[in-house]
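Visitor: Provided below are the primary sequence and the corresponding predicted coordinates.
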Amino acid sequence: MEGLSDYQLFFKLNLVHRILIKNVDREMANQVGATSTQIAAIFYLLENDGCQLVDLSRELLQNKSAITTLVERMIKNGLLSKKPCTRDGRAYRLYLTAKGKTTGEAALPHVADYNRQLAEGFSPDELETLHSFFDKVMNRFGIPIDNYFKKKL
C-alpha cells in the first residue's frame, strides 16, 4: 500500500477545485450570465432575501472586501440591490432583483447537471466515501456543514 503522502490529496483537491471553477464559471457565464460565486450568493439569497453583507460573507466563507466586491459587481449586473438597514445605520441589506431571481432559477438545472456529471462512473459506495471525506474535511476545519446543502439539487 502506498504511503499517505503518495496520494497528494491537498494538491489534487486544489487542482480539481481550480479546474472545476474555471470550467463552471465559463459555462455559467454563457448559460445564465453569472459566475459560480454569484450563483452561490443568489442561492443563499433565494432563501435569505434581505440578509446583511456579514451573513452572506459568513455563508460564502469570504472576507469583507471580497464580499463587497462581489456585491458591487452583482449590483452592477442587475442581480442585487443594496438598501440601508433600518436597525443599524452602518449596515446594508441585500435583495435579489427580478433578474437575480430569474438567474438563480435558471442556474438550478445546470448545477444539478454538474452534480450528475461529477457522480458519473462512481458506485454508490464510492459516492458515500466522497461525501464522508468532504464532510470530515469541513468539520475538521470548523465549517458547520449543517448550514449547507439544505436545497437538494
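Guide: That came through fine. Quick caveat: nothing in here was measured; it's all calculated off a predicted structure.
Visitor: just give me how far the helix or strand hosting residue 67 sits from the chain centre.
Guide: Under the criterion of DSSP states H and E, residue 67 resides in helix 64-76. Taking Cα atoms, centre = their mean, to the nearest Å, one finds the center of helix 64-76 at 15 Å from the center of the full chain.
Visitor: list the buried residues of it.
Guide: By neighbour count on 16 or more other Cβ atoms under 10 Å, the buried set for helix 64-76 is 67, 70, 71, 74. C-beta here means a position set from N, CA and C on the backbone, and glycine is covered the same way.
Visitor: the first one against residue 51, yeah?
Guide: By that I understand residue 67. No. In this structure, residue 67 is not within contact of residue 51 by Cβ atoms under 8 Å, at 11.1 Å.
Visitor: quick one on the thing from earlier: want to throw the buried residues of helix 64-76 into JSON lines with pLDDT and distance to residue 98?
Guide: Formatted as JSON lines, these follow (pLDDT from 0 to 100; distance: Cβ to Cβ, whole Å):
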{"residue": "67", "pLDDT": "94", "distance to residue 98": "22"}
{"residue": "70", "pLDDT": "97", "distance to residue 98": "20"}
{"residue": "71", "pLDDT": "96", "distance to residue 98": "18"}
{"residue": "74", "pLDDT": "97", "distance to residue 98": "14"}
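Visitor: name the nearest residue to residue 101, ignoring sequence neighbours.
Guide: residue 46 (7.0 Å; Cβ to Cβ, 6 or more residues apart in numbering).
Visitor: picking that back up, give me the sheet partners of the next helix or strand after the helix holding residue 67 and which way each runs.
Guide: As assigned by DSSP H and E, the chain's next helix or strand after helix 64-76 is strand 80-84. Strand pairing for strand 80-84, using DSSP bridges, gives strand 92-96 (antiparallel).
Visitor: give me the contacts around the strand it pairs with.
Guide: 42, 45-46, 49-53, 56, 71, 79-85, 104 (Cβ atoms under 8 Å, 6 or more residues apart in numbering).
Visitor: where along this protein do the helices fall?
Guide: Per DSSP state H, the chain carries helices over the ranges 9-31, 36-48, 53-60, 64-76, 98-119, 124-140.
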